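Peer 1: Quick one, structure for this:
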Amino acid sequence: MQSKLKQKIIFDANVIICLHKFSLRKQVTHSCNAAITPIIKHEARFYRDEQGVKKPIELSQDIESKKVEEIPVSLKDFSCLDDILNNFFLKSIDDGEREAIAFLYNTRQSNEYLFCTADMHAIKCLGVLGLKFHGISLQELFEKLVIKSNPLGNSIHAHSKELFGRMVNEGFQESLLHRKK
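Peer 2: Modelled structure (predicted):
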């Protein structure tokens, strides 16, 4: 299967966990140019299967074989969000999401990467920072990769294109509230 995307997809931990839970990781990560940040790699160490059993997620082999790119993010890149966003809003975003968003913010001119997440605060943050077109919902990614329309069952809502679009637009509209003055 060939990717219809030119961009590399940075997967958030919540998406990696979801892909593992529904046995879609290989299909998705091998159908596009997949990427993760070091913190996201650390956050996505396990998932729970249908019976609640803890299962390991091992991404090192995919990174070593170059199927997944591990993006180095400098402390300077990471801390740039501290200069832009207010502390209340920053605290609502996990470290892995902050790292990925900081990377996107610092490379936003290239349009080389898209961030795939289902975290509402992270999606809003993309809007706040003017990165509306640097994110993608898992549902939209499935559509672009021609993966069946709803492989996630009832979990699809959190990963829907509609919800992603609504949250990124809310963030854009609220951008003055979340930026430092």
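
Peer 1: contacting residues around Ala100?
Peer 2: Ile10, Asp12, Thr37, Ile40, Ile71, Val73, Phe115, Thr117, Ala122 (C-beta atoms under 8 Å, 6 or more residues apart in numbering). Where C-beta positions appear, they are placed from N, C-alpha and C, glycine not excepted.

Peer 1: what would these look like in TSV with distance to Ser175 and secondary structure?
Peer 2: Below are the contacts of Ala100 laid out as TSV (distance: C-beta to C-beta, whole Å; DSSP: H, G, I helix; E, B strand; the rest coil):
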residue	distance to Ser175	secondary structure
Ile10	21	strand
Asp12	21	coil
Thr37	23	coil
Ile40	24	helix
Ile71	25	coil
Val73	23	coil
Phe115	17	strand
Thr117	18	coil
Ala122	15	helix
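
Peer 1: Sort out which residues of whatever helix or strand Glu143 lives in are buried, please.
Peer 2: When elements are assigned from DSSP states H and E, Glu143 belongs to helix 138-144. Residues Leu138, Gln139, Glu140, Leu141, Phe142, Lys144 are the ones in helix 138-144 that count as buried (16 or more other C-beta atoms under 10 Å).

Peer 1: and which of the residues you listed is nearest Asp95?
Peer 2: Leu138 (20.8 Å; C-beta to C-beta).

Peer 1: What is the burial count for the closest residue to Thr37 other than its chain neighbours?
Peer 2: Among residues not flanking Thr37 along the chain, Glu99 sits closest, at 4.5 Å (C-beta to C-beta, 6 or more residues apart in numbering). Using other C-beta atoms under 10 Å, Glu99 has 23 neighbouring residues.

Peer 1: does Glu99 really touch Lys41, like I thought?
Peer 2: No - if you go by C-beta atoms under 8 Å, Glu99 and Lys41 don't touch, sitting 10.2 Å apart.
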